[in-house]
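[1] attaching a predicted model along with its sequence, questions to come.
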Amino acid sequence: MNMNKRYIFKLFIYGQSDDCKTAIKNFISICNEKLHSDYDLKVVDIKEEPEEAEEERLIAVPTLIRQSPTPERRIIGNFQDKEKVLAALDLTE
């Protein structure tokens, strides 16, 4: 993996449910381990910002979008299976 890349992610949640908190915690842990500080993560609570969910045409939450590098990648869930998350986001070496 080219560690000179800057990864940009947007994580959509709804409220402060346990599932949403788990998704945030799991994903940050994966990023810190795999990408170190080479990423930006914006968490969007669609309860507070529903227009962002509409713009992205979400069908479920939590949804994570890798915006950069392109092509865009999306994954839905709480991100407990680290290997599946890495593969889905094309972060494997």
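    Here it is on my side, so go on.
[2] where along this protein do the helices fall?
    Applying DSSP state H to the chain gives helices spanning 18-34, 50-56, 82-88.
[3] distance to residue 7, mean neighbour count and mean pLDDT added to those, as TSV?
    Using the backbone N, CA and C atoms, a C-beta is placed for each residue, glycine as well. Output for the helices of the chain, formatted as TSV (distance: least, CB to CB, whole Å; neighbours: other CB atoms under 10 Å; pLDDT from 0 to 100):
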stretch	distance to residue 7	mean neighbour count	mean pLDDT
helix 18-34	8	16	92
helix 50-56	17	13	93
helix 82-88	12	15	93
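[4] a markdown table for these, including distance to residue 75?
    A markdown table is the format used below for the helices of the chain (distance: least, CB to CB, whole Å):
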| stretch | distance to residue 75 |
| --- | --- |
| helix 18-34 | 9 |
| helix 50-56 | 13 |
| helix 82-88 | 4 |
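[5] among those, which comes closest to residue 62?
    When the helices of the chain are compared by CB to CB, helix 18-34 sits nearest residue 62, at 3.9 Å.
[6] please name every helix or strand in contact with that closest one.
    If contacts are counted by 3 or more CB pairs under 8 Å, 6 or more residues apart in numbering; DSSP states H and E, helix 18-34 sits against strand 7-13, strand 39-45, helix 82-88.
[7] identify the residues contacting the residue nearest the centre of the chain.
    With distances taken as CA atoms, centre = their mean, the residue of the chain nearest its centroid is residue 64 (3.2 Å). Residue 64 makes contacts with 9-12, 23, 27, 74-76, 79, 89, as judged by CB atoms under 8 Å, 6 or more residues apart in numbering.
[8] and for residue 13?
    20, 23-24, 43-46, 61-62.
[9] which ones are touching the closest residue to it other than its chain neighbours?
    Excluding the flanking residues, the one nearest residue 13 by CB to CB, 6 or more residues apart in numbering is residue 20, at 3.8 Å. Applying CB under 8 Å, 6+ apart to residue 20 gives the contacts 13-14, 61-62.
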